[in-house]
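[1] What shape does this take:
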Amino acid sequence: MPTFKTLDDLDDLTGKVALVRVDLNLPMHDGSVTDATRVEASAPTILELADKGAKVLLLAHFGRPRGQRSSVLSVSMTLDAVQAVLGREVMFIPEVQGPVVEQSIGILRPGDIGMLENTRFWPGEEANDMAFARGIAAHGDIYVNDAFSAAHRAHASTEALAHLLPAYAGRAMEAELKALDAALGTPKAPVAAVVGGAKVSTKLAVLENLVGRVQHLIIGGGMANTFLAARGVDVGKSLCEHDLAETVNRIMDQADHAGCTVHLPYDVVVATEFAANPASLRTCNVHEVGADEMILDVGPQAVEALADVLKTCRTLVWNGPMGAFEIEPFDTATVALARTAAALTQDGSLVSVAGGGDTVAALNHAGVASDFTYVSTAGGAFLEWMEGRELPSVVALQA
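    Take a look at the predicted model:
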């Protein structure tokens, strides 16, 4: 596993300024935060630093202001939610560097928390400009990164700062990196990966990386239709990328050479319309899909077989649903397999790591998100990690 410093490497921080990169890019409705999960994830880091006597300055982006100030994209929009989660007062500072920040640090006492303005108001942030980063670093004694969700961005507040100050991984970042290492870095074999979702084209790099690293690759969602079609199965009106047949067959060949078994459904749930409990709903063999039908979920026999596969595995990586889980009853396969994985995890026989927006929603829908070993809320960063790519801000922490 890559080595990096954590908060365990810090002692008394009384009066020191800790610049902490967090994720405050929160969903909003009518000016209020609708989901503070990302704040809750970083709360232990923020409070631990404050309790060690640091003056904690939060660094974050909010939306896409593209280097321009915008009143509706000020991180102050998240201030109430942050204070509610932390249970502490937080001072909003409308700059990220300069005399205003210096004066605010003078007002803060050891253990106090401040929130700097949206880093993306300055073009130097997304340009990863070292001069801009130096301006921010001038106010800090240490840098802590607790925003894995932004780890795939080489920006000033996620990458450059780590080279300018003593750099540490926050508690959420530390937990994420340990979970990911357990899943694909140094996993216990056999390893299974569930990859679902609508389109193969969005996950080509993921599939190509996984076939060489896992023993079982379980394909679900609309992606499975493309794999079935490439194998000569008539998938009717199903969502399918027919033009990717050659690519899919190449991935299957790669899997074959690597000793990775690709699992495709052999029974499926079909209907002539995508609606809740349609009259045309039926379960059939994949070779019996009608010309006017679409595959909307994996069938019960295939789910049972996949559950048996998971029982032989020690590690599971999950990204994407098995079917069109948003509408009943096409959530059945996703829920059943997720509950099997959760039960195996609770028994101690499986390390299960899941990530991606649809995946988190599906696991919450199944009521098992808290039963997995680790569920990542990071979207792009989690996907790039599954593609086997280096994440700039993680690499910077190892420097």
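
[2] Strands along the stretch 151-300 of the chain, start to end?
    167-169, 191-195, 216-219, 261-263, 267-271, 282-285, 294-298 (DSSP state E, counting those that start in this stretch).

[3] Mark out where each domain of the chain begins and ends.
    7-173, 187-386 (automatic domain parsing).

[4] Compare the ones you listed and report which one is nearest to Ala179.
    domain 187-386 (3.5 Å; CB to CB). Any C-beta I mention is one placed from the backbone N, CA and C, and that applies to glycine too.

[5] So what's the model's average confidence on the closest one?
    For domain 187-386, mean pLDDT rounds to 95.

[6] got the end-to-end distance for that domain?
    The straight-line separation of the ends of domain 187-386 (CA to CA, to the nearest Å) is 14 Å.

[7] looking at it, Val214 is touching Val195, isn't it?
    No - under the criterion of CB atoms under 8 Å, Val214 lies out of contact with Val195, with a separation of 9.8 Å.

[8] Compare those two (neighbour count), which wins?
    Shown here are Val214 and Val195; by other CB atoms under 10 Å, Val214 has more neighbours (27 against 23).

[9] State the distance from the more buried one to Ala258.
    With distances defined as CB to CB, to the nearest Å, the gap from Val214 to Ala258 amounts to 9 Å.

[10] Not counting its neighbours along the chain, what's nearest Ala172?
    Ala41 (4.4 Å; CB to CB, 6 or more residues apart in numbering).

[11] Would you mark the buried spots in the helix or strand that neighbour falls within?
    Counting by DSSP states H and E, the secondary-structure element that holds Ala41 is helix 37-51. Of the residues in helix 37-51, those buried by neighbour count under the rule 16 or more other CB atoms under 10 Å are Arg38, Val39, Ala41, Ser42, Ala43, Thr45, Ile46, Leu47, Glu48, Leu49, Ala50.

[12] Same check on stretch 171-187?
    Residues 171-177, 179-180, 182-184, 187 are the ones in stretch 171-187 that count as buried (16+ other CB under 10 Å).

[13] Mind giving me the packing neighbours of the host helix or strand of Glu102?
    Element membership for Glu102 (DSSP H and E) is helix 99-107. Packed against helix 99-107, as judged by 3 or more CB pairs under 8 Å, 6 or more residues apart in numbering; DSSP states H and E, are the following elements: strand 55-59, strand 90-93, strand 113-116.

[14] Just checking: what are the partner strands of the second one?
    In its sheet, strand 90-93 lies beside strand 113-116 (parallel), with partners assigned from DSSP bridges.

[15] what does the helix or strand following the partner strand rub up against?
    Past strand 113-116, further along toward the C-terminus, the next helix or strand under DSSP H and E is helix 123-126. By CB atoms under 8 Å, 6 or more residues apart in numbering, the list of residues contacting helix 123-126 from outside reads 61, 66-67, 119-120, 129, 131-133, 153, 155-157.

[16] Please repeat the previous calculation with a cut-off of 10 Å.
    Defining contact as CB atoms under 10 Å, 6 or more residues apart in numbering, one finds that helix 123-126 is touched by 59, 61, 64-68, 96-97, 118-120, 129-136, 153-158, 160.

[17] what mean pLDDT does the helix or strand following that helix have?
    Scanning the chain past helix 123-126 towards its C-terminal end, the next helix or strand to appear is helix 130-137 (assignment: DSSP H and E). Within the predicted structure, the mean pLDDT of helix 130-137 is 98.

[18] Tell me what angle helix 130-137 forms with strand 55-59.
    150 degrees (axes from the mean of the first three to the mean of the last three CA atoms, to 10 degrees).

[19] and helix 130-137, which residues are buried?
    For helix 130-137, the buried set under the neighbour-count rule, 16+ other CB under 10 Å, comprises Phe132, Ala133, Gly135, Ile136, Ala137.

[20] same question, stretch 13-28
    The neighbour-count criterion (16+ other CB under 10 Å) identifies 13, 16-26, 28 as the buried residues of stretch 13-28.

[21] And stretch 227-247, by the same measure?
    When neighbours are counted by 16+ other CB under 10 Å, the buried residues of stretch 227-247 are found to be 227-230, 233, 235-241, 244-245, 247.

[22] Out of the residues you listed, which comes closest to Phe4?
    For the buried residues of stretch 227-247, the minimum distance to Phe4 (CB to CB) is 36.1 Å, reached by Thr247.

[23] could the buried residues of helix 37-51 be laid out in TSV, adding pLDDT?
    As requested, those are arranged in TSV below (pLDDT from 0 to 100):
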residue	pLDDT
Arg38	91
Val39	96
Ala41	93
Ser42	96
Ala43	98
Thr45	98
Ile46	98
Leu47	98
Glu48	98
Leu49	98
Ala50	98
